[in-house]
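Chemist: next input, structure requested:
(one chain, ligands or ions: 1)
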Amino acid sequence: MNDTRPIITIKSLGPISVNGDVILLDENGHEIKHKSRFSLCGCGKSNKMPFCDGSHKN
Ligand code: FES
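Modeler: Model (predicted):
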């Protein structure tokens, strides 16, 4: 099996891990550059939105 689909993992009250080739857009449709593996903030506490900066641990 050669599944190349991106994998998105949602953690309760924490980061949303993204692994794979995806296009990330802001609310205006502008592309946000990112690495092939990154985490989006799902808690609302990050100072580096839309990415997780670890603030959910506090
Ligand atoms: S999920 Fe929000 S800072 Fe990590």
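Chemist: for residue 57, phi and psi?
Modeler: Note on residue 57: its backbone torsions stand at phi -80, psi -20 [degrees, to the nearest 10].
Chemist: how far away is it from residue 43?
Modeler: To residue 43, residue 57 is 9 Å away according to CB to CB, to the nearest Å. Any C-beta I mention is one placed from the backbone N, CA and C, and that applies to glycine too.
Chemist: compare these two (neighbour count), which wins?
Modeler: A direct count of neighbours by other CB atoms under 10 Å for residue 57 and residue 43 places residue 43 higher, at 16 against 10.
Chemist: on the pLDDT front, check that one for me.
Modeler: For residue 43, the model assigns a pLDDT of 96.
Chemist: is it correct that it is in contact with residue 56?
Modeler: Yes: checked against CB atoms under 8 Å, the pair residue 43 and residue 56 is within contact range at 4.1 Å.
Chemist: overlap in contacts, these two.
Modeler: Between them, residue 43 and residue 56 share these contacting residues under CB atoms under 8 Å, 6 or more residues apart in numbering: 13, 14, 15.
Chemist: how many neighbouring residues does the first one have?
Modeler: Neighbouring residues of residue 13 were enumerated by other CB under 10 Å; the total is 8.
Chemist: so who does residue 39 touch?
Modeler: Neighbouring residues of residue 39 by CB under 8 Å, 6+ apart: 15, 16, 17, 18, 51, 52.
Chemist: same question for residue 51.
Modeler: Under the criterion of CB under 8 Å, 6+ apart, the neighbours of residue 51 are 34, 38, 39, 40, 41.
Chemist: count of neighbours near the last one?
Modeler: Residues near residue 41, counting by other CB under 10 Å, number 20.
Chemist: wait, isn't it in contact with residue 52?
Modeler: Yes: in this structure residue 41 lies within contact range of residue 52 using CB under 8 Å: 4.7 Å.
Chemist: now do the shared contacts for the two.
Modeler: Counting by CB under 8 Å, 6+ apart, the contacts common to residue 41 and residue 52 are 15, 16.
Chemist: any idea of the pLDDT on residue 54?
Modeler: For residue 54, pLDDT reads 97.
Chemist: err, residue 1, not the other one
Modeler: Here, the pLDDT recorded for residue 1 equals 60.
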